[in-house]
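J.: pasted the sequence and its predicted model underneath.
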Amino acid sequence: EVQLVESGGGLVQPGRSLKLSCAASGFTFSNYYMAWVRQAPKKGLEWVATISTSGSRTYYPDSVKGRFTISRDNAKSSLYLQMNSLKSEDTATYYCARDGRDFDYWGQGVMVTVSS
Amino acid sequence: DIVLTQSPATLSVTPGESVSLSCRASQGISTSIHWYQQKSNESPRLLIKYASQSISGIPSRFSGSGSGTDFTLSINRVESEDFSVYYCQQSYSLPRTFGGGTKLELK
């Protein structure tokens, strides 16, 4: 059974940093692209980042480019999202997802609140 | 960026009705559209990929169609467990984008 379990969320002040983690199991992690997708409270879904199987290629929308960094450790079957210079508009639930261009498996999500 | 416009924003139906949800892309995207269901306080779930391809474990009452700019998610005879929000997503080009969602609610 595919499982994706996020951790690392919480309350953080504007301008500070936070790192999210996602532990994957039930599939060969190193064979799949992975992604982060977020959802602001009562809002829709927004793609945040994607990483290739080896980690050599990463992709971001303009809204987070230069502030967020996606990475992975295939030996640990883990995905990460380093978020710097956080803004109030980054407040959202962050989901880890398996990325086959469609997002076929999702974690339960982790809440990030950016507020002073 | 490719903009996906979903309509209607809210659809009120009674169980047993059949419904169609629309997703329109701002430019042609072939069949690179995927549909998700999100129940309240849950993670999204993939329903249909590449416009019409079924997903293992998804009830057969869900189907998709369309190509180019106009896409439809159909639910044949809505059941009570289907009341939730539905999103479309394109993978034709980066950035990946989602539609704003259609809320299917009980009339």
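T.: Perfect, I can see it now.
J.: what pairs with residue 12 across the strands?
T.: No chain in the question, so chain A it is. residue A:114 (DSSP bridges).
J.: um, chain B though
T.: When bridges are called by DSSP bridges, residue B:12 pairs up with residue B:105.
J.: and it, how far from chain A?
T.: Residue B:12 sits 19 Å away from chain A, going by CB to the nearest CB, to the nearest Å. In short, each C-beta sits where N, CA and C put it, glycine included.
J.: go ahead and confirm that residue touches residue B:103.
T.: No: taking contacts as CB atoms under 8 Å, residue B:12 lies outside contact range of residue B:103: 9.2 Å.
J.: who's more crowded, those two?
T.: residue B:103 (15 against 12; other CB atoms under 10 Å in any protein chain shown).
J.: which of the helices or strands spans that one?
T.: Assigned by DSSP states H and E, residue B:103 belongs to strand B:102-106.
J.: can you point out the buried residues in that strand?
T.: For strand B:102-106, burial by neighbour count (16 or more other CB atoms under 10 Å in any protein chain shown) applies to B:102, B:104.
J.: what of stretch B:91-107?
T.: B:91, B:92, B:95, B:96, B:97, B:98, B:99, B:100, B:101, B:102, B:104.
J.: now do it, average pLDDT.
T.: Summarised as a single mean, pLDDT over stretch B:91-107 is 97.
J.: chain center to that stretch: distance?
T.: 7 Å (CA atoms, centre = their mean, to the nearest Å).
J.: dig out what the residue nearest the centre of chain A forms beta bridges with.
T.: Residue closest to the average C-alpha location in chain A (CA atoms, centre = their mean): residue A:36, at 3.2 Å. Taking DSSP bridges as the rule, residue A:36 bridges to residue A:49, residue A:96.
J.: next up, the contacts around it.
T.: Neighbour list for residue A:36: A:20, A:22, A:47-49, A:68, A:70, A:79, A:81, A:94-97 [criterion: CB atoms under 8 Å, 6 or more residues apart in numbering or on different chains].
J.: quick one: residue B:65 and residue B:48 touch, right?
T.: No: assessed by CB under 8 Å, residue B:65 is found out of contact with residue B:48, at 9.3 Å.
J.: comparing the two, which residue is more hemmed in?
T.: residue B:48 (24 against 14).
J.: touching chain A at all, the helix or strand encompassing the more buried one?
T.: Assigned by DSSP H and E, residue B:48 belongs to strand B:45-49. Yes: applying CB under 8 Å from any CB of the partner chain, one finds strand B:45-49 in contact with chain A at B:45, B:46, B:49.
J.: ok, the residue lying closest to the second one once chain neighbours are set aside - contacts?
T.: Here the nearest residue to residue B:46 in space, its sequence neighbours aside, is residue A:104; by CB to CB, 6 or more residues apart in numbering or on different chains that works out to 5.0 Å. Counting by CB under 8 Å, 6+ apart, residue A:104 makes contact with A:97, A:98, B:46, B:49, B:55.
J.: quick check, nearest of those residues to residue B:22?
T.: The closest of these to residue B:22 turns out to be residue B:49 (CB to CB; 17.9 Å).
J.: ok, now how distant is residue A:2 from residue A:88?
T.: 33 Å (CB to CB, to the nearest Å).
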